[in-house]
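Asker: build me a model:
(one chain, ligands or ions: 1)
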Amino acid sequence: MSRPDCRTMSVDLRDVGVSLDGQRVLHAISASLTEPRIGIVGRNGSGKSTLARVIAGLIEPDQGQARIGGQDMARDRRAALAAVGIIFQNPDHQIIFPTVIEEIAFGLTQQGLGRDEAQNAARAILARFGKAHWEAAATYALSQGQKQLLCLMTVLAMRPRTIVMDEPFSGLDIPTRMQIARHLSCIDAQLVLITHDPEQVRGFDRILWLDGGRLVADGPPDAVLPAFRQRMEDWGNGDDLAHLAG
Ligand SMILES: Nc1ncnc2c1ncn2[C@@H]1O[C@H](COP(=O)(O)OP(=O)(O)OP(=O)(O)O)[C@@H](O)[C@H]1O
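Answerer: Numbers count the residues shown, from 1 in each chain. Below you'll find the model as predicted:
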């Protein structure tokens, strides 16, 4: 697998805090995201999606700072949006155009490419994934897995340095999950993958474990995932609903 150079444009979180509707959702998160493959784990409601949006420059922290390449992401949102692509949990929240080629080409025109250039680049990424025949396909008619793959191709076409994926495998069958995992294993970008399933990030370089909006562990998978799994199983085996998130 070719590994991206993550040194030049890393996302740097310093004491990041986020409140949504008056509720504190993230508390004092600090991490410099330099590794090529980073997993973020945590149970439902622990703040993973919120952190994903901060890393992608979509949410501005109300405490601390999120920087990319040394620049405050809130001040230079264009830089953040150009450098980091995000794939949401539900592809139906992401896909807006009626055909596959329009969906992929749109982001490229937003980056300044002319219509023909954008369409050629869209065809190139479809060909790279063996999906040239999808060009005129109606996006509404794609299956969930096909929509996930379309979102991945759309983001990759824009050549972000970092791709944040929020639960990319939820709702996918085993073959589709394996195909998407295979595509992900060879992409030449930093990957930040949000999941509650430790298996999906076992081979990653670094794991951040969020609980109650706080970073409770940060380290290599061997150091973090066994403790995470044990805690989840302990809670799962108990009857104390006080541990339920939310
Ligand atoms: N727009 C919002 N307004 C108010 N509270 C919100 C909003 N979005 C999320 N929250 C709350 O913030 C907390 C963290 O939510 P978030 O979606 O980041 O968690 P998550 O770890 O991604 O959860 P899941 O695994 O269930 O997707 C939850 O308690 C949630 O209810």
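Asker: doesn't residue 225 fall inside a strand?
Answerer: No. Looking at residue 225 with DSSP: H, G, I helix; E, B strand; the rest coil, it is helix, so not inside a strand.
Asker: what about the worst-scoring helix or strand of the chain on mean pLDDT, distance to the chain center?
Answerer: When each helix and strand of the chain is scored by mean pLDDT, DSSP states H and E, helix 77-83 comes last, with a mean of 77. Relative to its chain's centre, helix 77-83 lies at 15 Å (C-alpha atoms, centre = their mean, to the nearest Å).
Asker: next secondary structure after that helix?
Answerer: strand 84-87 (DSSP states H and E).
Asker: list the buried ones in the helix or strand following that following strand?
Answerer: Using DSSP H and E, the helix or strand that follows strand 84-87 towards the C-terminus is helix 100-110. Under the neighbour-count criterion of 16 or more other C-beta atoms under 10 Å, helix 100-110 has 100-105, 107-109 buried. Just so you know, the C-beta spots here come from the backbone N, C-alpha and C atoms, and that holds for glycine as well.
Asker: number of nearby residues for the closest residue to residue 58 other than its chain neighbours?
Answerer: In space, residue 58 comes closest to residue 86 once its chain neighbours are excluded; the distance is 6.9 Å by C-beta to C-beta, 6 or more residues apart in numbering. Burial of residue 86 is recorded as 23 neighbouring residues (other C-beta atoms under 10 Å).
Asker: thinking residue 86 is in contact with residue 166, fair?
Answerer: Yes. Residue 86 sits in contact with residue 166 when judged by C-beta atoms under 8 Å, with a separation of 7.2 Å.
Asker: are there residues contacting both of those two? Which ones?
Answerer: residue 52 (C-beta atoms under 8 Å, 6 or more residues apart in numbering).
Asker: residue 228 reaches residue 217, doesn't it?
Answerer: Yes. Contact criterion C-beta under 8 Å: residue 228 and residue 217 qualify, at 7.1 Å.
Asker: more crowded one of the two?
Answerer: residue 228 (21 against 16).
Asker: what sits against that one?
Answerer: 41, 198, 207, 209, 217.
Asker: I'd like to know how far the second one sits from the ligand.
Answerer: It refers to residue 198. 14 Å (C-beta to the nearest ligand atom, to the nearest Å).
Asker: no further questions, thank you.
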